[in-house]
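Asker: Sequence plus predicted model, see below.
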Amino acid sequence: MQIAAMSPASIAHVAAVEAELRQSNHQIGLKTQHFFHGGIYRRVVLLPEGKEMVGVLIKLPTTLIVIGDAFMWVEGGWRHVGNEVLTASAQRKQHFIANEDTEIHMLFPTQAKTVDEAEREFTDAFSDLLSRRIDAGEETIFTGE
């Protein structure tokens with residue numbers, strides 16, 4: 001399935017949800033894994049069952065792999081996702097709610113050599129990434145290939 005770019009109204013809707021979650025402290029720091037292999041950056045967020053997260057505005061096309069069971073806000077409303085590969089356009093800001101422990105993988109080709117460089121490449125809101133919170137755990141793997 002293709003995840004289309006989102007309209008300004010849809011992005012604003014998700015941003016409003018994000019503001020509510022931040023105000024109520026329901027946004028949690030998430031364990032994030034970073035992989036660099038063969039010119040591809042892969043970012044894996046582990047979203048626990050019953051939790052929700054709102055991502056930053058993504059400014060480039062990526063591939064998403066969802067392993068688990070979740071709902072994802074896309075242009076036009078909620079979409080049930082799970083155990084599938086999705087092509088995703090630039091200009092989107094997703095809201096996820098996990099029905100079970102769910103892995104969300106985002107991949108894109110890059111020349112980046114560090115996590116910071118890769119994050120700055122896919123979003124201008126890199127300082128808002130939940131993985132940058134002090135309570136988030138992270139792991140980075142460079143294969144050298």
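Answerer: Perfect, I can see it now.
Asker: and the residue nearest in space to the middle of the chain, how far is that from His37?
Answerer: The chain has Gly55 as the residue nearest its centroid, 5.1 Å off, counting by Cα atoms, centre = their mean. For Gly55, the distance to His37 equals 22 Å [Cβ to Cβ, to the nearest Å]. Bear in mind the C-beta positions are built from the backbone N, C-alpha and C, glycine included.
Asker: ok, Phe36 - contacts?
Answerer: Arg42, Thr110, Ala112, Lys113, Ala118, Thr140, Ile141, Phe142, Thr143 (Cβ atoms under 8 Å, 6 or more residues apart in numbering).
Asker: what do you get for Phe71?
Answerer: So Phe71 contacts Trp78, Arg79, His80, Val81, Phe96, Ile97, Asn99 (Cβ under 8 Å, 6+ apart).
Asker: isn't there a strand covering it?
Answerer: Yes - assignment of Phe71 by DSSP: H, G, I helix; E, B strand; the rest coil places it within a strand.
Asker: List the beta-bridge partners for it.
Answerer: His80, Ile97 (DSSP bridges).
Asker: From His80, how far out is it?
Answerer: 6 Å.
Asker: ok, and for stretch 66-79, which residues are buried?
Answerer: Going by neighbour count (16 or more other Cβ atoms under 10 Å), the buried part of stretch 66-79 is Val66, Ile67, Gly68, Ala70, Phe71, Met72, Trp73, Val74, Glu75.
Asker: what about the spatially closest residue to Arg120 that is not a sequence neighbour, neighbour count?
Answerer: Leaving aside its chain neighbours, Arg120 sits nearest to Phe126 (5.2 Å; criterion: Cβ to Cβ, 6 or more residues apart in numbering). Residues within reach of Phe126, counting by other Cβ atoms under 10 Å, total 17.
Asker: My read is that Phe126 contacts Asp116, right?
Answerer: Yes - between Phe126 and Asp116 there is a contact under Cβ atoms under 8 Å: 7.5 Å.
Asker: follow-up on the earlier one: for the residue nearest to the centre of the chain, give me its contacts.
Answerer: Lys93, Gln94, His95, Phe96.
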